[in-house]
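Enquirer: predicted model, plus sequence, below.
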Amino acid sequence: MSCDTSFVFSVDGHTLTVIEADGENTIPLEVDSVQVYAGARYSAVLEANQPVGNYWIRANTDIRAIPGFDGGRNSAILRYRGAPAVDPTTSQTPNERPLKETDLHALDGPVVPGLPFVGGADVAINLRLAFDVNAFRFTFNGAAFYSPKVPILLQILSGATSPEDLLPPGTTIPLPPNKVIEISMPGLPETLGSPVSFFC
């Protein structure tokens, strides 16, 4: 389900201060909701500064799951100490200040590697896409992918010492350590503008 849906997280009557996204500390940003996609992670501070009571915590899904809050679906309860053990009667906070990724900025000002123009990387790799009509397979740089009989990691543990030794041939690209790598992957003229699926 996580591949096809997202969740909009909010707490009635409260704001969230986002301080981290995917392992990167960010300048604190106050929002009233956070949309979370598969694999995304955020850290946020919630200040319990409202009157003592019960407040709905909401994680509404999009239309590919089952959205809504009927019967407590997609919900939990934030219960302040001293509040009665009853369901909240709060209303959903208006989604006026949703988290926008473009509003997040790194707290520590990391230096972005590479030079800020095309070709400014240490190593540029162009993956030339083609289609082998006879084998009915896509190829990159003339090599089609075939599932190896022995997994790559086991090949290395068994003594393969260079990328050229790994099977199937042509499916590995050696990369130097501690370098900025630029990868370009131009599309085929016949696939531009049409949906293309890649299977790994």
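Expert: The structure has been received and is ready for your questions.

Enquirer: domain ranges for this structure?
Expert: Per the record, the chain has its domains at 7-103, 111-200, by automatic domain parsing.

Enquirer: let's have those domains in TSV, adding mean pLDDT and mean neighbour count.
Expert: All C-beta spots, glycine's among them, are computed from the backbone N, C-alpha and C. Converted to TSV, those look like this (pLDDT from 0 to 100; neighbours: other C-beta atoms under 10 Å):
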stretch	mean pLDDT	mean neighbour count
domain 7-103	92	14
domain 111-200	80	11
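
Enquirer: now the helices for this structure?
Expert: Applying DSSP state H to the chain gives helices spanning 152-157.

Enquirer: quick one, strands of it?
Expert: 7-11, 16-21, 24-31, 34-36, 42-46, 54-61, 75-79, 123-126, 129-132, 137-140, 143-144, 181-184 (DSSP state E).

Enquirer: and the contacts of the first one?
Expert: Under the contact criterion C-beta atoms under 8 Å, 6 or more residues apart in numbering, strand 7-11 has outside partners 16, 32-36, 46, 55-61, 74, 78, 92-93, 95, 98.

Enquirer: how about the closest residue to Ala59 other than its chain neighbours: which residues does it bridge to?
Expert: Among residues not flanking Ala59 along the chain, Phe7 sits closest, at 4.5 Å (C-beta to C-beta, 6 or more residues apart in numbering). According to DSSP bridges, the partner residues bridging Phe7 are Val36, Thr61.

Enquirer: measure Phe7 to Asp62 for me?
Expert: Distance of Phe7 to Asp62, computed by C-beta to C-beta, to the nearest Å: 8 Å.
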